[in-house]
Structures are given as structure tokens and as C-alpha cells.
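**Student:** next come a sequence and a model predicted from it.
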Amino acid sequence: MTSKLDILKEIKRTAKENGGKALGQNSFHKVTGIGQHIWSNFWPRWGDAVREARIKPNKPWERYPDSLLIKKTIAKIRKYGKYPTIYELKVDVNKGDDFPLHIFKKRKQTYIIEKIIDYCKNKTAYNDVIKICKPVIDRLNSKYSDSTGSNISIGEVYLFKSGRYYKIAYPATRRNEAGTFNTNRRSQWS
């Protein structure tokens, strides 16, 4: 079994190899093989272990501001004269551009475009950006509607077998008006 002292030594060693900066708990586990199931016997939080090793803990993760992402995306839209593709942005980043591609890929495209349109509304200097973004958002929205024009609800359900019956349950986001799950639907199959 790994002792508390061994873990502290490993934290110090890996921090020294990392330029004095403590590794996160996942990286620490990959490098040392000491996972949460071991170090949590001595500390409730990873930051407590790092502090006890007299290493300055890392800053907590902060969400990249939408306003900054929108402004940088608008600059790319104007540069290309269209909504940029991931590959166009990737080439720019590889050339040294500071565009936050990793954040851009994590946010949904419809979310980004809607935020851009909201930002550009009522600003005449941004009419060119709105003209480029409107067809893109319309195309994306049409992907999620059927031929009758009604919106399709994309989601998931759970199917449970209870004895010879099947039950369907919706996740917490899909509740009926009474606020309860729809679980009492019986299947004709057994």
C-alpha cells in the first residue's frame, strides 16, 4: 500500500518535472499510477494533497467568455467572407493565431451563431456578419425539423423490462405536465 509520505514525494517529484506546477489528478494518476482511490484515503480533495506537499495548487477552470469568442469568430467571418470551417480555423491556429479553437469546437454551432446574431443586432456595422450567419442558422435549424415543418424533439428514453412487461421512462428533462415520469406504458410484446 502507498503511504501518505510516498504520495507527497510523488506530488513534489512530478511538480518539479512539470516546471514547479502541480499535475492535475488525472495526469498524476497516468504518470504515477496513484489514483483517487489511493490518495483519497488521506485527503478529501486533490488540492489539499497538493497544498500539503507545499506546492501551489492550480487555478480552477474558468469558462472562456462568450463575448471574447464571439468577437474572435466575427473577425474570422469577415476574414473569410463566410462562416469559417473547423479546418480553416485549424490552419490559422497552426500558423500562430490565438483563436480559441478548442473552445470553439466544444460549443454548439447553433449556440455560437445565435450569440453572434444577438450581438450584431441593431448594429449597422455588423450587417455583413448577420447576412452571412442567417442562412447558416436557418440551414442548421432545418436539419432538426421534419417535412411537415414541426420541430423534432431529439432526446432519449429508457426501456426497462419488468417481469413480462416493458416500461418506458424519459430522463429528468422530459417530464409530463404533472411533473412525474411517464413510466407506465405497457408493451404488447413479452
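**Tutor:** Nice, thanks for sending it over.
**Student:** so what touches stretch 72-89?
**Tutor:** With contacts defined as Cβ atoms under 8 Å, 6 or more residues apart in numbering, stretch 72-89 is touched by 92, 99-101, 104-105, 112-113, 116, 119-120, 126, 128-129, 132-133, 136. C-beta here means a position set from N, CA and C on the backbone, and glycine is covered the same way.
**Student:** how about the strands in this structure?
**Tutor:** 158-162, 165-169 (DSSP state E).
**Student:** what packs against the first one?
**Tutor:** Looking back up the chat, that one is strand 158-162. strand 165-169 (3 or more Cβ pairs under 8 Å, 6 or more residues apart in numbering; DSSP states H and E).
**Student:** keeping just the C-alphas, turn the longest helix along the chain into PDB.
**Tutor:** Longest helix in the chain by number of residues (criterion: DSSP state H): helix 127-143. Only the C-alpha atoms of helix 127-143 are listed here, as PDB (Å, rounded to 0.1, in the frame of the first residue of the first chain):
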ATOM      1  CA  ASN A 127     -24.900  43.800 -41.200                       C
ATOM      2  CA  ASP A 128     -22.400  41.900 -43.300                       C
ATOM      3  CA  VAL A 129     -22.000  39.400 -40.400                       C
ATOM      4  CA  ILE A 130     -25.700  38.900 -40.000                       C
ATOM      5  CA  LYS A 131     -26.100  38.300 -43.700                       C
ATOM      6  CA  ILE A 132     -23.500  35.500 -43.500                       C
ATOM      7  CA  CYS A 133     -24.900  34.000 -40.300                       C
ATOM      8  CA  LYS A 134     -28.600  34.000 -41.100                       C
ATOM      9  CA  PRO A 135     -28.500  31.300 -43.900                       C
ATOM     10  CA  VAL A 136     -26.200  29.100 -41.800                       C
ATOM     11  CA  ILE A 137     -28.600  29.200 -38.700                       C
ATOM     12  CA  ASP A 138     -31.600  28.600 -41.000                       C
ATOM     13  CA  ARG A 139     -29.900  25.600 -42.500                       C
ATOM     14  CA  LEU A 140     -28.900  24.200 -39.100                       C
ATOM     15  CA  ASN A 141     -32.500  24.700 -37.800                       C
ATOM     16  CA  SER A 142     -34.000  23.000 -40.800                       C
ATOM     17  CA  LYS A 143     -31.900  19.900 -40.100                       C
END
